[in-house]
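Peer 1: I'd like to go over a predicted model; first the sequence, then the structure.
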Amino acid sequence: MSDMAFNETVDSALNIIAESLNISSVVNETLSLIEPTLSKIDKLTNQLTYFIFDNQLINSTIGTSLFSQIILILIAIFAIIIGSYASIIKPSNALPPNEFHPLFDQTDKDSTETPIEEQIDTTAVLILPVLAGITLIGIYYFIKNYNKTQISSFLNKYIMVMSFSSVSFFFSYLYKSISRKICYLNNLNSMKINNRYSFTISNDKKIHPLGFEKEWLMLPDHTERDKIIKEEKLLEIRSDIEKENQIFNFYFTTGDIYGYSFGLVFCILFNLYDGSKNWIINNILGFSMVVMGISKTKIPTFKLATLLLTLFFFYDIYFVFGTDIMVSVATGIDIPAKLLIPNIVSKEENKISTSMLGLGDLALPGAFIALCLRFDLYNFHDKNKNLEFHHLQFFPKPYFKASIIGYSLSLFFTCKIVEFYHVGQPALLYLCPGVIISVYLTAIFRGEFSKLWNYDETPIDNKNKKDIINKEVIEIICSKETLFLSGEITEEDVEDVEDEDYQYYEESDDSEEEEEEGDENYEDK
């Protein structure tokens, strides 16, 4: 068969497959089924917005503008608090979780160490503002020279993919935290509602039949008796997986399954609906991204955290006041990289306008605030030695509370500045100093500034551990006979001969005298 004939055959085959699948009609049919639901979401969002923001009680008391500012601050604080608690790991000075402790929960063992990829070092702190600036300038260039709608669509597709992990993480963490608290209050084991599973891929050295287990597929399990019979039969045919045959293990919980499911549904919904135009859907995604960003990005020291906020302090000032880049990007494209809150709402005019707060204005100070919470936990274990780590353990949070208060007041002040000048403001201009000053004033007042400044969460790698061990002076006290248990020292042991702690005893007539001298030397040492 010639190449031309082969190509024609392939083309015709592909055409037949495409026609049989009729992909375009399937997509259109799916959209036609979903469209009524999406329009209902729109109507529900508008009705909820009018009910909350355009009512007589709000207008006659505090006013819509102030009410919107309060809602914005509460959402921001709530996201930072959840992200901070999600970042908690076992401090270095705490004992491992104790399964027999009344406060023990299965999730305690999931927070025992920080992965290396989640740690931010000095290089990353210095590079982050540069990368942020390059990205911002790049987006600004494209929206000035190309179609804004197409750019927004492309970025939304990208964010849709990224949203799966953030939304999954947020709802998974929420489920685990709520189930942990409920089970503790009701004296239940959280495994009952948040079971744990493992997915293992291994080499089949025993050559089982291909496919699923027939007994698992065919045996009924409708009654308790059927379940017992099925379980016993499966135990008969199954074999233990030896360690050397295990290639890959993945551990997850019921909460993770719910999180992945909700993340997938939300990701598809956001894509079909263009969720960036709906402020509630937009905020769900933005909220999830902030929570995951704070929890997964851990700054190990207050020195680096202060440096990071200081760099972004000047970064924000330049790109807002020095150029029109940030304002143009923020207002020029519709992507869920910001929180949106209605501030001017009129049901009669069918009008809803929103104010915005960039996610970076939550995530960057949030990383600093999360560090404060972890330092509070470290401080608690430092003052309570030999105490196990448990998520349900109560501990004082002076620095965490101080940072939250500093952030709240700074954000409220920012809102008032925007309201007064009617011009967008660089929020980090007010947020960074507010958070830093509130924390350091608290440390000075408590006499713990040095301790806070030198606090370090950087994990000690094996090399550092070895260096530390080598520096320690270890004294071993044992008898002379014990030292010779491994064998008599000979002339071949050159290193031992040169070591003043060892002596070579040559067989001679004066061996007893040498032995006595050895005893005296040993006692002196």
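Peer 2: Arrived safely.
Peer 1: what is the least confident helix or strand in this structure?
Peer 2: helix 462-471 (a mean of 44; mean pLDDT, DSSP states H and E).
Peer 1: which SSE is the closest residue to residue 270 other than its chain neighbours in?
Peer 2: Spatially, and ignoring its direct neighbours in sequence, residue 270 is nearest to residue 160 (5.5 Å; CB to CB, 6 or more residues apart in numbering). C-beta: built from backbone N, CA, C; applies to glycine. Element membership of residue 160, judged by DSSP states H and E, is helix 148-185.
Peer 1: next secondary structure after that helix?
Peer 2: strand 196-202.
Peer 1: per-residue pLDDT of the residue nearest in space to the middle of the chain, please?
Peer 2: The structure's the chain has its C-alpha centroid closest to residue 296; by CA atoms, centre = their mean the separation is 2.8 Å. You'll see residue 296 listed with a pLDDT of 89.
Peer 1: number of nearby residues for residue 79?
Peer 2: Per other CB atoms under 10 Å, the neighbour tally for residue 79 reads 25.
Peer 1: scratch that, residue 377
Peer 2: Residue 377: 21 neighbours (other CB under 10 Å).
Peer 1: pretty sure residue 386 sits in a strand.
Peer 2: No: counting by DSSP: H, G, I helix; E, B strand; the rest coil, residue 386 is not found in a strand; it is coil.
Peer 1: so who does it touch?
Peer 2: Shown in contact with residue 386 (CB atoms under 8 Å, 6 or more residues apart in numbering): residue 95.
Peer 1: using PDB, list the CA coordinates for the helix or strand that contains residue 305.
Peer 2: Assigned by DSSP H and E, residue 305 belongs to helix 302-317. Only the C-alpha atoms of helix 302-317 are listed here, as PDB (Å, rounded to 0.1, in the frame of the first residue of the first chain):
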ATOM      1  CA  PHE A 302      10.800  36.300  61.100                       C
ATOM      2  CA  LYS A 303      13.900  37.800  59.400                       C
ATOM      3  CA  LEU A 304      12.800  36.400  56.000                       C
ATOM      4  CA  ALA A 305       9.200  37.200  56.600                       C
ATOM      5  CA  THR A 306      10.000  40.800  57.400                       C
ATOM      6  CA  LEU A 307      12.300  41.100  54.400                       C
ATOM      7  CA  LEU A 308       9.500  39.600  52.100                       C
ATOM      8  CA  LEU A 309       6.900  42.100  53.300                       C
ATOM      9  CA  THR A 310       9.300  45.000  53.100                       C
ATOM     10  CA  LEU A 311      10.200  44.100  49.400                       C
ATOM     11  CA  PHE A 312       6.500  43.900  48.500                       C
ATOM     12  CA  PHE A 313       5.800  47.100  50.400                       C
ATOM     13  CA  PHE A 314       8.000  49.000  47.900                       C
ATOM     14  CA  TYR A 315       6.800  46.800  45.000                       C
ATOM     15  CA  ASP A 316       3.200  47.700  45.600                       C
ATOM     16  CA  ILE A 317       4.000  51.400  46.000                       C
END
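Peer 1: mind listing what's buried in it?
Peer 2: 302, 304-306, 308-313, 315-316 (16 or more other CB atoms under 10 Å).
Peer 1: quick one: which of the residues you listed is nearest residue 247?
Peer 2: residue 304 (37.9 Å; CB to CB).
Peer 1: contact partners for the closest residue to the closest one other than its chain neighbours?
Peer 2: Of all residues not flanking residue 304 in the chain, residue 125 sits nearest, at 5.2 Å (CB to CB, 6+ apart). Applying CB under 8 Å, 6+ apart, we find residue 125 in contact with 299, 304, 307-308, 311.
Peer 1: rerun that using 10 Å as the cut-off
Peer 2: With contacts defined as CB atoms under 10 Å, 6 or more residues apart in numbering, residue 125 is in contact with 299, 303-312.
Peer 1: got the contact list for residue 390?
Peer 2: So residue 390 contacts 90, 94, 97-98, 101-105, 107-108, 111, 184 (CB under 10 Å, 6+ apart).
Peer 1: shaky segments in the stretch 351-500 of the chain?
Peer 2: Scanning the stretch 351-500 of the chain for pLDDT under 70 picks out 460-500.
Peer 1: can you give me the helices for it?
Peer 2: 360-383, 398-421, 428-446, 449-453, 462-471, 480-483, 494-498 (DSSP state H, counting those that start in this stretch).
Peer 1: can you redo these as TSV with distance to residue 82?
Peer 2: Converted to TSV, the helices of the stretch 351-500 of the chain look like this (distance: least, CB to CB, whole Å):
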stretch	distance to residue 82
helix 360-383	10
helix 398-421	12
helix 428-446	17
helix 449-453	24
helix 462-471	33
helix 480-483	58
helix 494-498	60
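Peer 1: could you look over those and pick the most buried one?
Peer 2: helix 360-383 (a mean of 23; mean count of other CB atoms under 10 Å).
Peer 1: what is that helix packed up against?
Peer 2: If you count contacts as 3 or more CB pairs under 10 Å, 6 or more residues apart in numbering; DSSP states H and E, helix 360-383 packs onto helix 64-86, helix 122-145, helix 279-296, helix 302-317, strand 338-346, helix 398-421, helix 428-446, helix 449-453.
Peer 1: where in the stretch 101-250 of the chain is pLDDT low?
Peer 2: Ranges of the stretch 101-250 of the chain meeting pLDDT under 70: 112-118, 214-218.
Peer 1: run the last query once more with 80
Peer 2: 111-119, 147-150, 152-154, 156-162, 205-222, 226-227, 230-240, 243 (pLDDT under 80).
Peer 1: turn the buried residues of helix 302-317 into a markdown table, including distance to residue 279.
Peer 2: Putting the buried residues of helix 302-317 into a markdown table (distance: CB to CB, whole Å) gives the following:
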| residue | distance to residue 279 |
| --- | --- |
| 302 | 35 |
| 304 | 35 |
| 305 | 31 |
| 306 | 34 |
| 308 | 29 |
| 309 | 28 |
| 310 | 32 |
| 311 | 31 |
| 312 | 26 |
| 313 | 28 |
| 315 | 27 |
| 316 | 23 |
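Peer 1: and residue 223, how many neighbours?
Peer 2: Applying other CB under 10 Å, we find 9 other residues in the vicinity of residue 223.
Peer 1: tell me how far it lies from residue 229.
Peer 2: 9 Å (CB to CB, to the nearest Å).
Peer 1: OK, contacts around the residue lying closest to residue 382 once chain neighbours are set aside?
Peer 2: Spatially, and ignoring its direct neighbours in sequence, residue 382 is nearest to residue 93 (5.5 Å; CB to CB, 6+ apart). Residue 93 makes contact with 377-387, 389 under the criterion CB under 10 Å, 6+ apart.
Peer 1: find the nearest non-adjacent residue to residue 405, please.
Peer 2: residue 438 (6.2 Å).
Peer 1: pretty sure that neighbour contacts residue 402?
Peer 2: Yes: using CB atoms under 10 Å, residue 438 is in contact with residue 402, at 4.7 Å.
Peer 1: re earlier: got the helices and strands packed on helix 360-383 as JSON lines, with distance to residue 241 columns?
Peer 2: Output for these, formatted as JSON lines (distance: least, CB to CB, whole Å):
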{"stretch": "helix 64-86", "distance to residue 241": "33"}
{"stretch": "helix 122-145", "distance to residue 241": "39"}
{"stretch": "helix 279-296", "distance to residue 241": "31"}
{"stretch": "helix 302-317", "distance to residue 241": "43"}
{"stretch": "strand 338-346", "distance to residue 241": "47"}
{"stretch": "helix 398-421", "distance to residue 241": "44"}
{"stretch": "helix 428-446", "distance to residue 241": "50"}
{"stretch": "helix 449-453", "distance to residue 241": "48"}
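Peer 1: any idea which of those gets closest to residue 367?
Peer 2: When these are ranked by proximity to residue 367 (CB to CB), helix 279-296 comes first, at 5.7 Å.
Peer 1: next, the buried residues of the helix or strand hosting residue 329.
Peer 2: Element membership for residue 329, per DSSP H and E: helix 325-332. Neighbour counts over helix 325-332 (16+ other CB under 10 Å) mark 325-326, 329-330 as buried.
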